[in-house]
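[1] Following is a predicted model, sequence given first.
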Amino acid sequence: MNISIEEATINDIDEIINLKKKIWNDLENKDWYVIDGTNKEFLIKQLENEGLILKAINNNKIIGFLIMANNLNRDSFIIKKSHLETEFDKSIELSNGAVDAGYRGNNLYGKMIKEAEDIITNRYNIKYILATVHPENIASWKSLINLGYKIICKSKMYGDLDRYILLKKLI
């Protein structure tokens with residue numbers, strides 16, 4: 001298996017959206033994964049607005065993705081819960097990411113996060129990465145903790161779904 005991780009382009013958006021929908025449709029616990037970001041315009045905006053989308057590729061096929069959304073503002077719920085109102089402009093959200101079921105167990109999600117952190121640190125004036133994870137999705141939040149993220153609180157989000165909010169300080 002020859003898997004590479006690269007920055008996605010506008011040309012990859014349709015394939016990423018299709019993969020997101022496939023992964024979501026196959027989920028047993030749909031409350032664990034909010035399928036936002038299937039709006040093509042949202043993803044294009046991230047690419048144009050200092051957001052970042054990574055893709056994991058095997059044999060010219062996208063098998064995973066990671067979306068770092070740069071659309072936080074002082075009034076964003078996640079910013080307020082993290083007490084980063086004075087540094088919202090130095091914060092980015094790990095919006096979502098996933099790996100096709102057939103490729104899980106290869107630490108691709110962690111590798112994409114590390115690559116995103118390297119790019120963000122070198123390219124943007126970002127100090128904090130925020131993420132949300134369903135409390136029962138132990139594999140996801142443990143992956144983030146192993147990458148240096150800290151659970152800062154539990155809150156209701158995305159309607160009325162429980163979420164841990166995690167934070168990593170980059171600098």
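    In hand now; what should we look at? Residues are numbered from 1 along each chain as shown.
[2] isn't there a helix covering residue 16?
    Yes. Counting by DSSP: H, G, I helix; E, B strand; the rest coil, residue 16 falls inside a helix.
[3] Spatially, what comes nearest to it if we skip its sequence neighbours?
    Spatial nearest neighbour of residue 16, chain neighbours left out: residue 65 (4.8 Å); criterion: C-beta to C-beta, 6 or more residues apart in numbering. Heads up, the C-betas are built off the backbone N, CA and C, glycines and all.
[4] which residues touch the one you found?
    8, 16, 19, 20, 53, 54, 55, 56, 97, 98, 112 (C-beta atoms under 8 Å, 6 or more residues apart in numbering).
[5] Any idea what it is bridged to?
    Going by DSSP bridges, residue 65 is paired in beta bridges with residue 55, residue 98.
[6] what does the model give it for pLDDT?
    On pLDDT, residue 65 comes in at 94.
[7] And it, how far from residue 76?
    22 Å (C-beta to C-beta, to the nearest Å).
[8] now swap in residue 8 and tell me
    Applying C-beta to C-beta to residue 8 and residue 76 gives a distance of 23 Å.
[9] Of those two, give the one with the bigger neighbour count.
    With neighbours defined as other C-beta atoms under 10 Å, residue 8 and residue 76 compare such that residue 8 has more, 21 against 17.
[10] Against residue 25, how distant is the more buried one?
    From residue 8 to residue 25 the distance is 21 Å (C-beta to C-beta).
[11] Now do the contacts for residue 57.
    Here residue 57 is in contact with 3, 4, 5, 6, 63 (C-beta under 8 Å, 6+ apart).
[12] if we go to 7 Å?
    The contact partners of residue 57, taken as C-beta atoms under 7 Å, 6 or more residues apart in numbering, are 3, 4, 6, 63.
[13] Need those in JSON lines (columns: secondary structure, distance to residue 162 and neighbour count).
    What follows is the contacts of residue 57, written out as JSON lines (DSSP: H, G, I helix; E, B strand; the rest coil; distance: C-beta to C-beta, whole Å; neighbours: other C-beta atoms under 10 Å):
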{"residue": "3", "secondary structure": "strand", "distance to residue 162": "32", "neighbour count": "15"}
{"residue": "4", "secondary structure": "strand", "distance to residue 162": "35", "neighbour count": "8"}
{"residue": "6", "secondary structure": "strand", "distance to residue 162": "34", "neighbour count": "12"}
{"residue": "63", "secondary structure": "strand", "distance to residue 162": "29", "neighbour count": "21"}
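[14] what about the helices in this structure?
    Taking DSSP state H as the test, the helices found in the chain are 13-26, 40-48, 77-82, 108-123, 138-146.
[15] Of these, give the one that comes closest to residue 69.
    helix 40-48 (5.7 Å; C-beta to C-beta).
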